[in-house]
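> I'll drop the sequence and a predicted model, then ask my questions.
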Amino acid sequence: MRLILLGPPGSGKGTQAQRLVHKHGIVQLSTGEMLRAAAAAGTPVGLQAKEIMSHGGLVPDEVVVRIIADRIEQPDAARGFILDGFPRTVPQAAALDELLKKKHLKLDAVIELRVNESALLDRVEKRAEETRARGEEVRLDDTPEVLIKRLASYRSLTEPLIHYYSERRKLLTVDGMMTIEHVTREINRILAAIGAVEPKVEASARKTAKGVRKVAKTAKKASRPARTAGRGASKAAAKAVKRPSKVKKAAKAGTRAGIARKAAPRPSKKLTKKRAKR
């Protein structure tokens with residue numbers, strides 16, 4: 001399963017990505033983490049990215065795509081992945097499509113978490129107030145001012161991806177204003193609907209069928225001795241039919257002897273009396 005999560009800052013992409021990772025055993029590929037890992041590993045493309053980043057420059061799309069190409073070849077990405085932070089622009093999306101095509105892979109879906117921007121601003125303001133109330137310092141990137149800038153950047157650069165993937169019939173939209181649990185269930189429902197994951201009912205039915213087959217196989221093995229014994233008894237009976245028993249043989253022998261005695265000539269009465277006088 002290969003996915004992209006789209007949505008403005010604060011829409012809950014990170015939370016839903018982690019839930020998908022734990023549920024389906026796939027990996028979350030963050031552009032920033034991949035760049036840092038490639039630089040630390042000292043790969044040719046990683047060293048190139050490190051040089052650019054050390055001077056404060058933006059890593060070109062072609063370099064990022066090469067790093068992604070190396071990363072998805074690793075064993076832990078074999079079952080699938082979620083791209084985090086890439087693509088951000090239409091040219092990046094086109095480059096990713098070309099990469100996947102070369103590797104004979106396909107993108108299963110692009111899930112857009114649609115949210116209300118004014119509601120996001122309300123959330124950030126409330127979170128900032130709660131942080132101050134606890135006596136803690138509010139993070140610089142967690143303020144309404146910063147969020148407004150990030151939302152403007154999202155609308156100008158990333159929002160066009162919605163149209164790009166919609167044209168390619170890859171876009172699936174989920175109401176990101178629902179509770180976290182509802183959003184998770186809806187994402188899994190639509191993934192099952194498009195065949196990206198196994199539907200729960202079908203998977204359960206297959207498991208039950210497998211159990212039934214296993215029981216039947218065990219019963220079949222257990223019945224083999226009885227069938228063998230039955231076959232042995234049948235063979236013995238057949239032999240008994242073909243080969244007369246000793247009793248039958250004896251009976252036949254006695255019958256033959258009786259016939260022989262009847263057939264033999266009997267001595268006369270006179271001869272018998274003479275023998276008696278002697």
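In hand now; what should we look at? Numbers count the residues shown, from 1 in each chain.

> got the residue ranges for the helices in the stretch 1-150 of the chain?
13-24, 31-41, 44-54, 61-71, 90-102, 117-133, 144-153 (DSSP state H, counting those that start in this stretch).

> could I get these as TSV with mean pLDDT and mean neighbour count?
No exception for glycine: its C-beta is placed from N, CA and C like everyone else's. Converted to TSV, the helices of the stretch 1-150 of the chain look like this (pLDDT from 0 to 100; neighbours: other CB atoms under 10 Å):
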stretch	mean pLDDT	mean neighbour count
helix 13-24	93	16
helix 31-41	86	17
helix 44-54	86	16
helix 61-71	90	18
helix 90-102	94	15
helix 117-133	88	13
helix 144-153	89	14
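
> ok, Thr184 to Gln28 distance?
Distance, Thr184 to Gln28, by CB to CB, to the nearest Å: 15 Å.

> per-domain residue ranges of the protein.
2-26+79-197, 206-263 (automatic domain parsing).

> Flag the shaky bits of the stretch 101-250 of the chain, pLDDT-wise.
Applying pLDDT under 70 to the stretch 101-250 of the chain flags the ranges 198-250.

> what are the ranges of the strands in it?
Ranges of strands in the stretch 101-250 of the chain, per DSSP state E, counting those that start in this stretch, are 109-114, 171-175.

> any idea how far Thr43 lies from Val65?
Separation of Thr43 from Val65 (CB to CB): 14 Å.

> oh sorry, the question was meant for Glu51
In terms of CB to CB, Glu51 sits 17 Å off from Val65.

> And for Leu3?
18 Å.

> got it, and Arg2?
Arg2 is 15 Å from Val65, by CB to CB.
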